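Trainee: Fold the stuff below for me.
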Amino acid sequence: MRQPAMFPKAGLPRALEAPFAAFWAAYPERRPNPRALAEKEFARAIKAGAAADDLVAAAGAYAAEVKRLGTAMEFVVHAATFLRQQRWRDYLAPAEPIGAPTVGGVEPDHPLWPRLKGDLDAATFNAWIGRCRYQCEGSVITLFAPSVFIGRRVAEEFGALLNRRCGPVTVNVPGRSTP
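Mentor: Numbers count the residues shown, from 1 in each chain. Below is the predicted model of the structure:
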């Protein structure tokens, strides 16, 4: 069985040098982080149909998460792994949230929107909170997130706002719940 080469023989195509430089600059610091392997996976992702702007945006979003969570450098994923395993897809905002209005200016049809519209724009609301099912029992509101990723983001980014504007809110994510 043939072993894969540790370092690719061909360099990054010239047309991808600037987009990769932007990706590399946006990616969180990690040592070691083999640049040659990341270049190869970046080119492979582009060839498979990924947009360079999406890869750069995902790298920036991942870097922001690493900073916010205080993730130690040794736990930051290698850039090549981030690209090869398509982890970058987890850090893109949904292009068109499920159930989101398609016409600009139309307000979200969600029971929490009236309480939050002074603090969030409609697109942000629809991308995260608007994707959650809503249940109210007495004064406690429960949001049911469609995925762990969305549930964690809603709890971490919007939990304090939800509690301040709506009272006690619990965010249920598949497999567990987060107060």
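
Trainee: all contacts plus neighbour counts: C-alpha atoms, from now on.
Mentor: Fine.

Trainee: May I see the buried residues of stretch 39-51?
Mentor: Glu39, Lys40, Glu41, Phe42, Ala43, Ala45, Ala50 (16 or more other C-alpha atoms under 10 Å).

Trainee: oh, I was asking about stretch 14-34
Mentor: Quick answer for stretch 14-34 (16+ other C-alpha under 10 Å): Pro19, Phe20, Ala22, Phe23, Trp24, Ala26, Tyr27, Pro28, Glu29.

Trainee: ok, now which ones touch Cys132?
Mentor: Leu143, Phe144, Ala145, Pro146 (C-alpha atoms under 8 Å, 6 or more residues apart in numbering).

Trainee: partner residues bridging the second one?
Mentor: Note on Phe144: beta-bridge partners Arg133, Asn172, judged by DSSP bridges.

Trainee: What segments of this protein are helices?
Mentor: With DSSP state H as the criterion, the chain has helices at 17-26, 35-47, 52-69, 79-84, 113-116, 122-127, 148-166.

Trainee: quick one: the residue nearest the centre of the chain and Phe82, what's the gap?
Mentor: The residue lying closest to the centre of the chain (C-alpha atoms, centre = their mean) is Tyr91, at 2.3 Å. Noted for Tyr91: a distance of 11 Å to Phe82, by C-alpha to C-alpha, to the nearest Å.

Trainee: what does Gly60 give?
Mentor: If you go by C-alpha to C-alpha, the gap between Gly60 and Phe82 works out to 12 Å.

Trainee: again with Arg133
Mentor: In terms of C-alpha to C-alpha, Arg133 sits 30 Å off from Phe82.

Trainee: Then Pro19?
Mentor: Pro19 is 16 Å from Phe82, by C-alpha to C-alpha.

Trainee: Equivalent analysis for Thr71, please.
Mentor: 15 Å.

Trainee: Among those two, which residue is more densely surrounded?
Mentor: Phe82 (21 against 12; other C-alpha atoms under 10 Å).

Trainee: Ignoring the adjacent residues along the chain, who's closest to that one?
Mentor: Among residues not flanking Phe82 along the chain, Trp88 sits closest, at 6.1 Å (C-alpha to C-alpha, 6 or more residues apart in numbering).

Trainee: The one you found contacts Ala59, doesn't it?
Mentor: Yes. At 6.9 Å, Trp88 and Ala59 qualify as touching, with contact defined as C-alpha atoms under 8 Å.

Trainee: okay, the helices of the chain in a markdown table with mean pLDDT and distance to Asn172 next?
Mentor: Output for the helices of the chain, formatted as a markdown table (pLDDT from 0 to 100; distance: least, C-alpha to C-alpha, whole Å):
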| stretch | mean pLDDT | distance to Asn172 |
| --- | --- | --- |
| helix 17-26 | 93 | 32 |
| helix 35-47 | 94 | 33 |
| helix 52-69 | 90 | 21 |
| helix 79-84 | 95 | 27 |
| helix 113-116 | 88 | 19 |
| helix 122-127 | 84 | 17 |
| helix 148-166 | 87 | 7 |
